[in-house]
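> Kindly generate the corresponding structure for this input.
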Amino acid sequence: MTYVKQIIGALVAAIVCLGLAMAQDQAGAGDEKSKKASTSEQSMNMMAKPSPEMQKLVKTLAGSWTTSERFEASDMMPKGGAGRGRASYRPGPGGRS
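Numbering: from 1, shown residues only. Predicted coordinates:
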């Protein structure tokens, strides 16, 4: 019985959220000028160049790297150990990360 109550509660919450979203969309439908301004503002933010510090960091670290590790003896590795691998670094979205 509690499972049915949880499902009904989730459905009611979804309907309320949908109604609020539709009301908000209708309220802003007549204001095309503000929509255009916010869209152009968003595109300006997305097109902004990364900071010089981030450009320098990407230039320094980007690429493929060969790695090697040495592990000291522990409970999980009584004799210690070693490992090798490759790591690849590339800039994130917009070169900002």
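> Which parts of stretch 57-67 count as buried, going by neighbours?
The neighbour-count check on stretch 57-67 (16 or more other C-beta atoms under 10 Å) flags 57-58 as buried. All C-beta spots, glycine's among them, are computed from the backbone N, C-alpha and C.
> What's the mean pLDDT across it?
Mean pLDDT, stretch 57-67: 91.
> Could you work out the end-to-end span of it for me?
The first residue of stretch 57-67 is 19 Å away from its last residue (C-alpha to C-alpha, to the nearest Å).
> what do you get for stretch 87-97?
Distance between the boundary residues of stretch 87-97 (C-alpha to C-alpha) amounts to 17 Å.
> Touching that stretch from outside, list them.
For stretch 87-97, the external contacting residues (C-beta atoms under 8 Å, 6 or more residues apart in numbering) are 46, 48-51, 54-55, 58, 61-65, 67.
> wait, which of the residues you listed is closest to residue 80?
The nearest member of the contacts of stretch 87-97 to residue 80, counting by C-beta to C-beta, is residue 67 at 17.1 Å.
> Right, I'll call it a day here.
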